[in-house]
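[1] With the sequence up front, the predicted model follows.
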Amino acid sequence: MSENTIWKGNPSQWSNFISFLVCGILAPFTLGLSLIVAAYRYLIVRTWQFEITNERIIESKGILSKNTDECELYRIKDIKLSQPFWLRLVGLSNLILSSSDRSHPTISVPAIGNGNELREQIRTAVEQRRDKKGVKEVDYE
C-alpha cells in the first residue's frame with residue numbers, strides 16, 4: 001500500500017489577527033518598525049506546513065532554516081479539537097494531537113478549516129494504521 005495524502009496545508013493567517021491589529025495600530029508610532037514584525041509573523045505562519053498521510057504526520061517550519069518533524073500515525077494517542085470564540089467566528093479551529101513520540105509528544109495544528117472533518121479522517125487513519133501494524137495502545141502508570 002502506498003502512502004496517500006489525507007490533508008496538506010498550513011495554518012490560516014487569522015492566527016495572526018491580534019498581532020496584525022496591534023502592529024497596525026502601533027505603526028505610526030514606531031516609524032513602521034511594527035510592520036516588519038507583522039511581516040515576520042506572516043512569514044512564520046506562511047512557511048509552517050503540515051502534511052498528514054495515511055502513515056504519518058509531517059510538520060515543517062522555518063523561514064531561512066527549515067526543521068521537519070514527523071510522527072507515525074499509529075503513535076497518536078488522542079485528538080483534541082479546540083474552537084476558540086474568535087476562530088469560530090471565521091470557521092476555523094485548532095487540532096491538538098497527543099502522541100507517544102518522545103521527540104514530539106504534542107502536535108498542534110492551529111487555525112485550520114474543516115477541523116472536525118480532519119479530526120475524523122485522522123482518527124480513522126490512526127485506527128487503520130494500528131490494525132495494519134498490529135499495534136495496540138497501552139499506557140503504563
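    Everything's here; your move.

[2] How is the most centrally placed residue in the chain assigned, secondary-structure-wise?
    By C-alpha atoms, centre = their mean, the chain has its centre lying nearest to V109, at 1.7 Å. Counting by DSSP: H, G, I helix; E, B strand; the rest coil, the backbone at V109 sits in strand.

[3] which residues in this structure form strands?
    Along the chain, counting by DSSP state E, strands occupy 5-9, 49-53, 56-61, 67-72, 76-82, 92-99, 106-113.

[4] Dump those to TSV, plus mean pLDDT.
    Putting the strands of the chain into TSV (pLDDT from 0 to 100) gives the following:
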stretch	mean pLDDT
strand 5-9	97
strand 49-53	98
strand 56-61	98
strand 67-72	96
strand 76-82	97
strand 92-99	98
strand 106-113	97
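
[5] quick one: buried residues of the longest helix seen in the chain?
    Longest helix of the chain, by residue count under DSSP state H: helix 115-133. Burial within helix 115-133, assessed by neighbour count using 16 or more other C-beta atoms under 10 Å, is assigned to 115, 118-119, 122, 125-126, 129-130. Placement of C-beta: from N, CA and C, glycine included.

[6] Stretch 68-75 too?
    Neighbour-count burial for stretch 68-75 [16+ other C-beta under 10 Å]: 70-75.

[7] do stretch 44-58 as well
    Buried-residue list, stretch 44-58, by 16+ other C-beta under 10 Å: 44-45, 48-58.

[8] distance between it and the chain's centre?
    Centre-to-centre, stretch 44-58 and its host chain are 7 Å apart (C-alpha atoms, centre = their mean, to the nearest Å).

[9] same question, stretch 94-112
    Distance of stretch 94-112 from the chain centroid (C-alpha atoms, centre = their mean) equals 7 Å.

[10] Quick check: end-to-end length of that stretch?
    Stretch 94-112 has an end-to-end distance of 6 Å (criterion: C-alpha to C-alpha, to the nearest Å).

[11] Quick check: closest non-adjacent residue to Y40.
    I63 (7.9 Å; C-beta to C-beta, 6 or more residues apart in numbering).

[12] what's the one you found in contact with, if anything?
    40, 43-44, 47 (C-beta atoms under 8 Å, 6 or more residues apart in numbering).
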